[in-house]
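Trainee: Turn this into a structure:
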Amino acid sequence: MAVQTPKRHLADPSLAACLLGAGSERLLADLNILGFLFESQVVHDLRVFAQASGARGVFHYRDSKGRDEIDAVIEAKDGRWPGVEVKLGIEAVDARIGAG
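Mentor: From the prediction side, this is the model:
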């Protein structure tokens, strides 16, 4: 069972970075904020791609227990979909899948 609460992303994460006064030094010092902004930028770009390709949209998936999640799911007109996991570095990917 999937959770129905939406995940929110800014239309343009660079606006948030600007309002935070977050230049490269500040973002590199706070990887948590950088991760949020990076994920929002990826979802923004996926939405542009989805719209241009005629897809139904880009969605977020989380199971009802909150254990499994997919950062972005692009749903095609015919119902097919790829899942996209957004991470800043290979260490985060290895930790997520239990490798390394």
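Trainee: which residues touch L34?
Mentor: 27-28, 88 (C-beta atoms under 8 Å, 6 or more residues apart in numbering). Where you see a C-beta, it was placed from the backbone N, CA and C, and this is true even at glycine.
Trainee: Show me just the buried residues among these.
Mentor: The neighbour-count test (16 or more other C-beta atoms under 10 Å) marks L27 as buried among the contacts of L34.
Trainee: Out of the contacts of L34, flag the one nearest to A72.
Mentor: Proximity of the contacts of L34 to A72 (C-beta to C-beta) peaks at L88, which lies at 15.0 Å.
Trainee: That closest one against L28, yeah?
Mentor: No: look at L88 against L28 with C-beta atoms under 8 Å: they stay out of range, at 10.7 Å.
Trainee: isn't E75 right next to H60, touching?
Mentor: No: counting by C-beta under 8 Å, E75 stays clear of H60, with 11.6 Å between them.
Trainee: Would you state the helices of this structure in chain order?
Mentor: Here the chain has its helices, by DSSP state H, at 13-19, 24-29, 31-52, 90-97.
Trainee: Most tightly packed of those?
Mentor: Among the helices of the chain, ranked by average contacts under mean count of other C-beta atoms under 10 Å, first place goes to helix 31-52 (a mean of 16).
Trainee: mean confidence for it?
Mentor: Mean per-residue pLDDT for helix 31-52: 91.
Trainee: what do you get for stretch 67-77?
Mentor: Taken as a whole, stretch 67-77 has an average pLDDT of 89.
Trainee: Could you give the separation of that stretch from the chain centroid?
Mentor: 10 Å (C-alpha atoms, centre = their mean, to the nearest Å).
Trainee: before we move on, what about stretch 64-75?
Mentor: 10 Å.
Trainee: So for it, what gets flagged as buried?
Mentor: For stretch 64-75, a neighbour-count test (16+ other C-beta under 10 Å) marks 70-72, 74 as buried.
Trainee: List just the nearest of the contacts of L34 to A50.
Mentor: Closest approach to A50 among the contacts of L34 (C-beta to C-beta): L88, at 22.4 Å.
Trainee: Contact partners for that closest one?
Mentor: Going by C-beta under 8 Å, 6+ apart, the list of residues near L88 reads 31, 34-35, 38.
Trainee: That concludes my questions; thank you for your assistance.
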